[in-house]
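Student: Got a predicted structure here, sequence first:
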Amino acid sequence: MTVRPGQQKNMESLAREFGLSADEYKLALGILGREPNVTELGIFSVMWSEHCSYKSSKKWLRTLPTTAPWVVCGPGENAGVIDIGDGMVAIFKMESHNHPSFIEPYQGAATGVGGILRDVFTMGARPIANLNSLRFGDPKHPKTRTLVAGVVGGIGGYGNCVGVPTVGGECTFHARYNGNILVNAMTVGLAAKDRVFYARAAGIGNPVVYVGSKTGRDGIHGATMASAVFGAEVEAKRPTVQVGDPFTEKLLIEACLELMATDAIVSIQDMGAAGLTSSSFEMAGKGGLGIEINLDKVPQREQGMSAYEIMLSESQERMLMVLKQGREAEAQRIFDKWELDFAVIGTLTDTGRLVLRQGGQVAADMPVAPLSEQMPEYARPWVPLPARPTVAAASVPAPKDYAIALKTLIGCPDLASKRWIYEQYDHMVMGDTLQRPGGDAAVVRIHGSDRALAMTTDCTPRYCDADPRTGGAQAVAEVWRNITCVGARPLAITDCMNFGNPERPEIMGQFVGCIEGMSEACKALDFPVVSGNVSLYNDTGTTGVQPTPSIGGVGILDNLRTFQSVGLKKAGNVLVLVGATRGHLGASLYLREIQSREDGAPPPVDLAAERRNGDFVRHRITAGKVQACHDCSDGGLYVAVAEMAMATGLGAALTLPAGDVPLHAFLFGEDQARYVLEMAEADAATLLSQAKAEGVPAARIGAISGAELTVNGAWPISVSELRATNEAWLPAYMSGKA
Amino acid sequence: MKARVHITLKQGVLDPQGKAIANALHALGFPAVAGVRQGKYLELDLGNADKATAEKDVRTMCERLLANTVIEDYAVEVLT
Amino acid sequence: MKARVHITLKQGVLDPQGKAIANALHALGFPAVAGVRQGKYLELDLGNADKATAEKDVRTMCERLLANTVIEDYAVEVLT
Amino acid sequence: MKSAVIVFPGSNCDRDVAVALARISGSKPAMVWHGDKTIPKVDLIVLPGGFSYGDYLRSGAMAAHSPVMTEVAARAKRGVPVLGICNGFQILTEAGLLPGALMRNAGLHFVCRDVALKVESTESMFTRRYSQGQIVRIPVAHADGNYRADAKTLDRLEGKGLVALRYCGSDGTVSEKDSPNGSARNIAGIFNDKRTVMGLMPHPERVIEPLLGGSDGRPFFEGIAEALAA
Ligand SMILES: Nc1ncnc2c1ncn2[C@@H]1O[C@H](COP(=O)(O)OP(=O)(O)O)[C@@H](O)[C@H]1O
Ligand SMILES: [Mg+2]
């Protein structure tokens, strides 16, 4: 191929503009044995971008536990696969779309949902549920309201149209996200165990097929600059935002699943970040093969697209697959029926090289394997964060009025009801949602069976900020606990690691700390990581996001009739607290919202206690002895009981055991590994003796009665007043009234 | 004073609606339709204002609320 | 041949989107906005056709698909 | 009872309603692709919820022109019962099989939640298993459920008892604040003149067993099955 002389002298500086370091460019020269052309340089730069290569994080991700007897496929494929019995697997993953959502919240969030759905159905699964984890800036920040409206609109707009229920998630606010919101989306799908599809290409001579939407100039990184430098065409600055087309995605799901029911597909891969580039490299690379593509055959939305543009386009709703030879017509019939583009664009070769042709010329010719084998990997320097002192409960003032403090807490942005959000999501479509949003974990029936999956996303960034290691462990433990609360057996997690600039040692320290904490928790709880995603550089200036390792977990209910919910059921029943209360107030919501302090060490995480207490609670739920269950998390025991009361409108009288923990610390402390259970009087008595025998701390803390919440006979507050407060903030805020 | 505002997708931005409409028109028996782009059209009643202020105001409204300038262009026309 | 189509709500039909936009504009500091009506704007690329046929065709498209004449009016403009 | 569910590109409650029909009537509906020009001989045709054609242009607009709709209209004319749920209701109005139009919700957002509904007429195969004035809880999930028609049409619908369901408060009072979408006269569902065609925004197929959060949708399908059992 010929490289025009004018291009050559620009190439090295262009490499810098494309984000390749001097060393990386040198490495690229070595691999190629010559100077790359623009297309090739573009390919190197996206393949080796942080986003695609995980070059700063790989070293640490490798340390996460990823195996268990039920793990069918861990990290490395499009999504993780776990065996859920009965010949079925659950396939799931979580992914970030932070930056695009900040630029254009509706489309950014929408395409985030589209992308994660594709990761899951690419593997042969029918998506059955979506979840999302959202972090916004200070509600008072001028941008926040618009961002919330756009992101929620986009998630709903996409998910509702595609017809996959959005069943859960979380949404909190903190000034540290003012300039960098986090939008993490998770999809869970179901497939038959023997019908899982992988990206690994095989079979020299097999056709490479493109399906879905046409390729446009969407989201091409640096495209403007490239065309300016190379004078391809002078145009108005191209938007780098992609627009989602959920209708096409829905058709793509149905068409792919229809084709997957045949045996025509050898391998399949969605075109996500870095589109055709990463999908073709991934398929060929995993199969140890070469691939030849005729770019003229790629369905294009716009005229005169260059090879560079076609390869780097991030147009949505596209897939690449390898078919068995001779099956093209059969496949084409299916895609025609669904009115989707279908094109054979290339073949698999034995050369080990990616060769692109356009207009009869070679547009790129590069080896496949070395790009991933010699991919840069960095051991970035990191410093551990100084430990924060523990806050003694006695040093924290008690509130003047406990009931008012409770009201303040359940009405604050982080704890306020997120109904305004989830009512914009169709959370019931597909007809299997057993636990709608509002519980600890969503519960979705496995269609046509008596079993169900439980799923949730969680993370407490303020703990991670205070102590990354504890925070990382806590996030995994809270997910495990929330799945336990509905009576399900936790199986595995996916994660989305959202951090600042990894070139700053203290940020890297947060990352390493969180990973270490997560690893410990995963090991202790037999809760491996099967997929995940990393989003770095979430900072503007010197302010970065709170370290936020969002964790999404999946568990199984072997008998869906045993599933449990948070709402109080019956006056006269008693409340039992499982787990030890020491009154830990450091880094608590009480400290932040009532005392305006964000200091202190987070509550310690005792993984052995987590496991013991959780297993104990789950067994009682499965045995049918529990009538409601909720874990203690943000805001502590008092908030947990209030949430149980608000769910159904019944009240409770708390009578807390006397001891050395001050009352306010007992009520608002955020000690981990705790659950509140509603039980019939007689069952409670049995449970308390069982707990004693098994070494599980448990105590009777009250009974269900009336429509008020009281503490030791004092501080009465009506549940309806609590509910009104809890429901008020978000709608008022979104309409500009708060 | 009235204003008419046209909001259209920037060139190169995918228009799923336009695409679907074009397909539907083909199926309805208009195969010659080569493409459709869908935009928004707003009519604003501005009360009493002078034309120059009105035009400036409507542009500000477009920038701040009516159009999503990341992906959309807008055109303002003030009628008297 | 290109056509521009404006689809607007019939007079008397409540326009929730227009109303919401007007409220938002008031909140943004434009209290003088007396009302907003939101409609659709379509640009059709008709390929080669003579003007009269094109106009007739686009009217048929409006009647049959582009507008819902129970609640909407339409206006067609064919450009050459 | 034989039924058919029409599947449009973008339908997504087709399976849900098929499951409800099969469970309650005991016979599985035929799934008919929108591109088909024929429909098997059936006692009931159902247009399911979802986002046919992405709800692009207007919800239901493009689906109303699908090839199969000519046959649906012909059967409806011959008196074959046709039921449109949510997007199906939108398609029926766009196709002119029911009067009026469904516009964007007054609150502009998509709304997914249980609503209370008052059964206004039990004089139909769809509502016969409810009692007159009964309050039921059935979820809605839509962005365009704001029913609109001119005053004359509305008066006629009311006069002839063709309003099937209205949004109401939990005590049965009908007021605008209990409507999730701003519908004219709180209308949630209507019949055609012969009460053989019904359109409704709520999703009875989503509440056919307590596990799913309620069973108020069951009598809806039981009524249909009963009427068509022959
Ligand atoms: N962004 C969201 N999307 C969907 N559901 C949400 C979202 N945010 C919160 N929810 C729902 O609100 C409920 C409360 O969430 P959260 O406060 O995070 O609960 P927990 O403390 O038990 O983890 C959960 O059922 C959750 O699924
Ligand atoms: Mg919880």
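Tutor: Nice, I can see it. Ligands and ions are numbered 1, 2, ... in the order given.
Student: ok, whichever residue of the stretch 201-350 of chain A sits closest to chain C to chain D distance?
Tutor: Residue nearest to chain C within the stretch 201-350 of chain A: A:Q303 (13.3 Å; Cβ to the nearest Cβ). Placement of C-beta: from N, CA and C, glycine included. Per Cβ to the nearest Cβ, to the nearest Å, A:Q303 is found 24 Å from chain D.
Student: what helix or strand does that residue sit in?
Tutor: Assigned by DSSP states H and E, A:Q303 falls within no helix or strand.
Student: do A:K55 as well
Tutor: Here A:K55 is assigned to no helix or strand, by DSSP H and E.
Student: Let me see the contact set for it.
Tutor: Residues near A:K55 by Cβ atoms under 8 Å, 6 or more residues apart in numbering or on different chains: A:48, A:375-378.
Student: low pLDDT regions in the chain?
Tutor: You didn't pick a chain, so chain A it is. Counting by pLDDT under 70, the low-confidence segments of chain A come to A:1-9, A:221-240.
Student: should've been chain D
Tutor: In chain D (pLDDT under 70), the answer is D:230.
Student: for chain A, longest helix please?
Tutor: helix A:505-525 (DSSP state H).
Student: Figure out how far it is from the centre of its chain.
Tutor: From the chain centre to the centre of helix A:505-525 is a distance of 17 Å (Cα atoms, centre = their mean, to the nearest Å).
Student: same deal with stretch A:296-303?
Tutor: With Cα atoms, centre = their mean, you get 33 Å for stretch A:296-303.
Student: mind listing what's buried in the longest helix of chain A?
Tutor: Using 16 or more other Cβ atoms under 10 Å in any protein chain shown as the burial criterion, the residues of helix A:505-525 that qualify are A:507-522, A:524-525.
Student: Which strands or helices does whichever helix or strand A:C496 is part of pack on?
Tutor: A:C496 belongs to strand A:489-498 when assigned by DSSP H and E. Identification of packing neighbours for strand A:489-498 by 3 or more Cβ pairs under 8 Å, 6 or more residues apart in numbering or on different chains; DSSP states H and E yields strand A:80-85, strand A:88-96, strand A:182-192, helix A:468-485, helix A:505-525, strand A:529-535, strand A:548-557.
Student: Would you reformat these as a markdown table and include distance to ligand 1?
Tutor: Shown next, in a markdown table, are these (distance: least, Cβ to the nearest ligand atom, whole Å):
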| stretch | distance to ligand 1 |
| --- | --- |
| strand A:80-85 | 21 |
| strand A:88-96 | 13 |
| strand A:182-192 | 9 |
| helix A:468-485 | 6 |
| helix A:505-525 | 16 |
| strand A:529-535 | 17 |
| strand A:548-557 | 11 |
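Student: Nearest approach to C:D50 belongs to which of these?
Tutor: strand A:182-192 (50.2 Å; Cβ to Cβ).
Student: buried residues in the helix or strand following the closest one?
Tutor: On the C-terminal side of strand A:182-192, the nearest following helix or strand under DSSP H and E is strand A:207-212. Across strand A:207-212, burial judged by 16+ other Cβ under 10 Å covers A:207-212.
Student: any chance of these in TSV, with distance to chain D too?
Tutor: Output for those, formatted as TSV (distance: Cβ to the nearest Cβ, whole Å):
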residue	distance to chain D
A:P207	26
A:V208	26
A:V209	21
A:Y210	20
A:V211	15
A:G212	14
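Student: ok, so of those residues, who is nearest ligand 2?
Tutor: Using Cβ to the ion, A:G212 comes nearest to ligand 2 of the buried residues of strand A:207-212, at 37.7 Å.
Student: a markdown table please, covering the buried residues of strand A:207-212 and showing distance to B:A27.
Tutor: Output for those, formatted as a markdown table (distance: Cβ to Cβ, whole Å):
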| residue | distance to B:A27 |
| --- | --- |
| A:P207 | 29 |
| A:V208 | 30 |
| A:V209 | 25 |
| A:Y210 | 24 |
| A:V211 | 21 |
| A:G212 | 20 |
